[in-house]
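Undergrad: Dropping the sequence and predicted coords here.
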Amino acid sequence: MLFFRFSLFIGSILCCVLIGTACRDSTPVQRQYTEYVLAAPPPPEDPGHDHPHDGMMDASLAPVVTSPPDQGEAPFVFETPEPWRALPASGMRMATLLIDHEGMDPLECTLTVLGPESAGLEGNLVRWMGQLDIDPPRGDAFQRYMDDLERMEGKDGLQWTLVDFAPLVKQDDGLNMMVGITQQGARVLFVRLLGPKNIVEGERDRFRQLLFSIRPS
């Protein structure tokens, strides 16, 4: 009986020694992971065709560009009112006239020839009113406004529509615009003067003089 108890005691000691040795010899194992990112495969290339909308902006933001008709020489001739100064043609402009006033940059009166698709009066009026920060008349009032615009006959039977936004510009130094519009065949001529209301009004007679001097070349 004594021998059996002694054997159990020796066995317990040996178990403790073995466990302690195993604990000292064990070292932590560092685990490494590789991260994989899954991505959709690129679309197949089509070397023969470009996407129809590549490089295009939103249609609602795209500017409306109207090209002038092909012309070898200026389709209209005019006389420059004194003391205005005429600059040569540039781009879509048939001419640019400078109007000097002391203490400010010269005003510009531009003569631009475009195609027949640019002749819509209502659309042009709304666009110009937007540039002048004018709220367009609503409903029937807008039609009455267009009906009341001045019409006159110029040289060689040219029919002019004259637009002057002065009655709609509240402040004397607010931005105003006068526009003369005439059409001959596929050519639409816009004569436009933009500047402070009081200055533009002072150039009204010369502006009308310019319109009456214009004739087909």
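TA: All right, it came through fine.
Undergrad: Just confirm residue 206 is within a helix.
TA: Yes: with DSSP: H, G, I helix; E, B strand; the rest coil as the criterion, residue 206 is part of a helix.
Undergrad: How about residue 113: which residues does it bridge to?
TA: Applying DSSP bridges to residue 113 yields these beta-bridge partners: residue 189.
Undergrad: which stretches of this structure have low pLDDT?
TA: In the predicted model, the chain carries pLDDT under 70 at residues 1-73.
Undergrad: What segments of this structure are strands?
TA: Listed from the start of the chain, the chain has strands (DSSP state E) covering 76-77, 85-87, 93-101, 104-114, 150-153, 159-164, 175-184, 187-196, 215-216.
Undergrad: who does the second one touch, helix- and strand-wise?
TA: Helices and strands in packing contact with strand 85-87 are listed as strand 93-101; criterion 3 or more CB pairs under 8 Å, 6 or more residues apart in numbering; DSSP states H and E. In this view, the C-beta of every residue, glycine as well, is placed from N, C-alpha and C.
Undergrad: again, 10 Å this time
TA: Helices and strands touching strand 85-87, by 3 or more CB pairs under 10 Å, 6 or more residues apart in numbering; DSSP states H and E, are strand 93-101, strand 104-114.
Undergrad: again with the last one
TA: Helices and strands in packing contact with strand 215-216 are listed as strand 76-77, strand 175-184; criterion 3+ CB pairs under 10 Å, 6+ apart.
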